[in-house]
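J.: Turn this into a structure:
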Amino acid sequence: MAKKSPRRKLEKILDTLWRSVGKEDAVCEVCATLPPNERSNYRKLDAHHIIGRGNRLLRWDLANRCFLCSTHHNFGNPCAEKNQGGWFLNWFSDEDWMGTHRPGDKAYLQEKKKVTYKRWTMDELRGMKEELSALL
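T.: Residues are numbered from 1 along each chain as shown. Next comes the predicted model:
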């Protein structure tokens, strides 16, 4: 088995921190906006990348994270992962979930997603690790 590079190890730590920060007090952000009788009320939460984790600039940005139950993350209809009909995120309308409940983050992400490539330096990655660790 190939040995992981220091960069890859640090990125894995950042992935774990990004998923963990604030999770202990979190609830499904979509369920929280629904009437009580329409909520899934699952205890397990997933950290969802609003803009896919392939976007290196936003991969560990907390504004690009949404805690969701399994139903709203990828098993329900609708779910954020599939974004059927643009209900969760639609760049051409403010009537989606993000535009209604997190308009500031949606505007921020729309601007940031224009950057198509970002190569973080090791020092930048270490700085992000310190920032995220401080939030635990």
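J.: those strands in the chain, which residues are they?
T.: 45-49, 65-69 (DSSP state E).
J.: Out of these, flag the one nearest Ala2.
T.: Ala2 lies closest, by Cβ to Cβ, to one member of the strands of the chain: strand 45-49, at 25.9 Å. Using the backbone N, CA and C atoms, a C-beta is placed for each residue, glycine as well.
J.: Specify the angle between the longest helix anywhere in the chain and strand 65-69 in degrees.
T.: Criterion DSSP state H: the longest helix present in the chain is helix 6-20. Interaxial angle, helix 6-20 versus strand 65-69 (axes from the mean of the first three to the mean of the last three Cα atoms, to 10 degrees): 60 degrees.
J.: got a list of contacts for helix 6-20?
T.: Contact with helix 6-20 is made by 4, 47, 53, 59-60, 62, 65, 122, 125-126, 128-129, 132-133, 136, as judged by Cβ atoms under 8 Å, 6 or more residues apart in numbering.
J.: Please work out the angle formed by the directions of it and strand 45-49.
T.: Computed by the same axes, to 10 degrees, the angle separating helix 6-20 from strand 45-49 equals 120 degrees.
J.: Any buried residues in helix 6-20, and which?
T.: Buried residues in helix 6-20, defined by neighbour count with 16 or more other Cβ atoms under 10 Å: Leu10, Glu11, Ile13, Leu14, Leu17, Trp18, Arg19.
J.: State the pair within those residues that is farthest apart.
T.: Counting by Cβ to Cβ, the most remote pair of the buried residues of helix 6-20 is Leu10 and Arg19, 15.2 Å apart.
J.: neighbours of the closest residue to Gly76 other than its chain neighbours, just the number please.
T.: Spatially, and ignoring its direct neighbours in sequence, Gly76 is nearest to Ser40 (7.1 Å; Cβ to Cβ, 6 or more residues apart in numbering). The tally of other residues near Ser40 (other Cβ atoms under 10 Å) stands at 15.
J.: who's in contact with Ser40?
T.: Applying Cβ under 8 Å, 6+ apart to Ser40 gives the contacts Cys28, Cys31, Cys69, Ser70, Thr71, His72, Gly76.
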